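Okay, here's the prediction I keep looking at, along with the sequence it came from:
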Amino acid sequence: MPRPQARTLPCGQGVPDGGARGRGACSNRSGRFETHEKIEFDDGWTGNDAPAQIETTLSPLKSRTIISRNDSPDISFDQSINPYVGCMHGCIYCYARPSHTYMGLSAGLDFESRLFYKPDGPALLAKELSSPRYRCCPIHIGGNTDPYQSVERDTQLTRRLLEVVQRFNQPISIISKSALIKRDADILGEMGQRNLAVACISITTLDRKLARDMEPRAATPARRLEAISRLRDAGCPVSIGFAPVIPGLNDHELEAVLEAGAKAGATGAMYVTLRLPHEIKDLFREWLDKARPDRAARVMSLIRQTRRGKDYDADWSQRMRGTGPVAELIATRFKAAIRRYGLQKPYRALDTTQFQLPPEARPQMDLFDG
């Protein structure tokens with residue numbers, strides 16, 4: 001099999017005054033592990049009418065394993081798979097951005113334009129599920145970056161991972177803000193009908209302009225609602241994720257987003273209050289000053305009111321929801337809204353008893369049993 005090579009993908013032109021068309025971050029700040037900081041500035045030679053090209057590259061990432069494990073008490077899953085590192089959606093608030101700094105890259109524009117994927121993922125997954133040491137418990141797909149960003153149309157990596165879990169009857173949950181998830185409704189629907197799969201579609205706003213500014217390459221809100229309906233019709237239970245809640249920016253839409261999700265067919269809901277760890281806080285403030293200068297100070301003030309006066313508080317006991325009167329009001333409104341729209345129904349625990357090795361993964365001598 002030929003070794004996968006890095007590819008350059010089509011993208012938009014850069015624009016002046018910081019940032020680039022079709023990108024969320026306004027800069028490419030150096031990561032916290034770098035010994036030198038790179039600062040971009042206009043020396044007057046190029047002029048504001050000569051935007052730079054920002055290309056997107058997709059490179060193979062060699063991995064020894066595909067299943068990641070965590071023991072964080074505030075995360076609802078123990079096992080996860082992330083087919084991609086970096087994300088073209090460019091969501092300015094994305095909590096995964098700092099992961100790029102471990103690779104010596106920026107959490108800013110690098111995170112959106114220098115992508116990596118795991119071409120050996122399906123083979124690794126089959127190997128790990130076949131191990132005698134493996135004990136079945138649900139796997140979450142997409143806990144860090146979106147498994148259905150647009151490069152998935154070409155690689156079909158997530159699709160091939162789903163084909164593996166379907167063969168093993170391995171229960172999964174999956175989250176996305178992409179309408180591309182509809183492509184795999186055949187697998188997710190079949191598994192959902194057997195209580196082996198649930199999905200969550202993230203919708204942060206119904207305002208197309210705000211969505212374009214915050215999530216420049218993600219699907220429109222309307223198309224995400226269509227994805228909920230398609231998965232529901234196929235037989236896969238779907239919840240709607242109003243995440244993140246950004247006080248002063250999108251929190252007023254909480255009820256409207258949950259109502260729209262319920263009408264589309266969602267039966268559950270979740271929310272997460274905006275988190276700004278590490279480099280994200282500077283990137284988000286930079287974006288806010290440019291995209292919403294009229295309310296930037298108020299938004300940051302409200303955010304700090306949910307984080308004990310800081311931009312971010314990493315205390316795991318409250319990092320997902322925040323604390324204080326602002327956070328408590330959001331929680332109260334959310335509980336009332338899910339009751340009103342019938343989104344409070346708990347899902348059945350995914351069925352781990354159906355897990356089994358497919359014939360091709362069984363030890364050779366098993367073929368002679370019976």
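Looks like it came in fine.

Name all residues that make contact with Cys91.
Applying CB atoms under 8 Å, 6 or more residues apart in numbering, one finds that Cys91 lies in contact with Gly24, Lys177, Met214, Glu215, Ala218. (C-beta placed from N, C-alpha, C; glycine too.)

and it, how far is that from Leu350?
Cys91 is 27 Å from Leu350, where distance means CB to CB, to the nearest Å.

now swap in Arg194 and tell me
Distance from Arg194 to Leu350, by CB to CB: 10 Å.

These two: which has the busier surroundings?
More crowded of Arg194 and Leu350, by other CB atoms under 10 Å: Leu350, with 22 against 14.

any idea of the pLDDT on the nearest residue to the more buried one once chain neighbours are set aside?
Spatial nearest neighbour of Leu350, chain neighbours left out: Pro171 (3.6 Å); criterion: CB to CB, 6 or more residues apart in numbering. What the model reports as pLDDT for Pro171 is 98.

you'd agree Pro171 is up against Thr352?
Yes: counting by CB atoms under 8 Å, Thr352 is a contact partner of Pro171 at 5.9 Å.

shared neighbours of the two, anything?
Cys136, Cys137, Pro138.

quick one: which of those is most hemmed in?
Comparing the shared contacts of Pro171 and Thr352 by number of neighbours (other CB under 10 Å), Pro138 comes first, having 20 neighbours.

Report the contact partners of that residue.
Phe77, Asp78, Gln79, Pro171, Ile172, Ser173, Leu350, Thr352.

any idea how far Cys87 is from the first one?
Distance check for Phe77 against Cys87: by CB to CB, it reads 19 Å.

again, but for Arg275
Arg275 sits 16 Å away from Cys87, going by CB to CB.

Next: Arg114.
Note on Arg114: its distance to Cys87, by CB to CB, is 11 Å.

So which of Phe77 and Cys87 has more stuff around it?
Taking neighbours as other CB under 10 Å, Phe77 and Cys87 compare with Cys87 leading, 26 against 16.

Wait, that one touches Ser99, no?
No: here Cys87 does not reach Ser99: they are 10.2 Å apart, not a contact under CB under 8 Å.

quick check, distance from the longest strand seen in the chain to the centre of its chain.
Counting residues, the longest strand found in the chain (DSSP state E) is strand 238-245. In terms of CA atoms, centre = their mean, to the nearest Å, the centre of strand 238-245 is found 11 Å from the chain centre.

Show me what that strand is packed up against.
Applying 3 or more CB pairs under 8 Å, 6 or more residues apart in numbering; DSSP states H and E, one finds that strand 238-245 contacts strand 197-202, helix 221-234, helix 254-264, strand 268-273.

Tell me the strands beside that strand, with direction?
Within its sheet, strand 238-245 is paired with strand 197-202 (parallel), strand 268-273 (parallel), according to DSSP bridges.

Contacts for the following helix or strand past the first one, please.
The first helix or strand that comes after strand 197-202 along the chain, using DSSP states H and E, is helix 208-214. For helix 208-214, the surrounding residues in contact (CB under 8 Å, 6+ apart) are 24, 91-93, 204-205, 218, 220-221, 249-250, 291-292.

Report the buried members of those.
Of the members of the contacts of helix 208-214, the ones counted as buried by neighbours, 16 or more other CB atoms under 10 Å, are Gly24, Cys91, Ile92, Tyr93, Thr204, Thr205, Ala218, Pro221, Leu249, Asn250, Ala291, Arg292.

returning to what we had before: mind giving me the PyMOL command for buried ones among the contacts of Pro138?
Buried subset of the contacts of Pro138, written as a PyMOL selection, criterion 16+ other CB under 10 Å:
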select buried, resi 77+79+171+172+173+350
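
Let me know the secondary structure of Gln149.
Put simply, Gln149 is coil when judged by DSSP: H, G, I helix; E, B strand; the rest coil.
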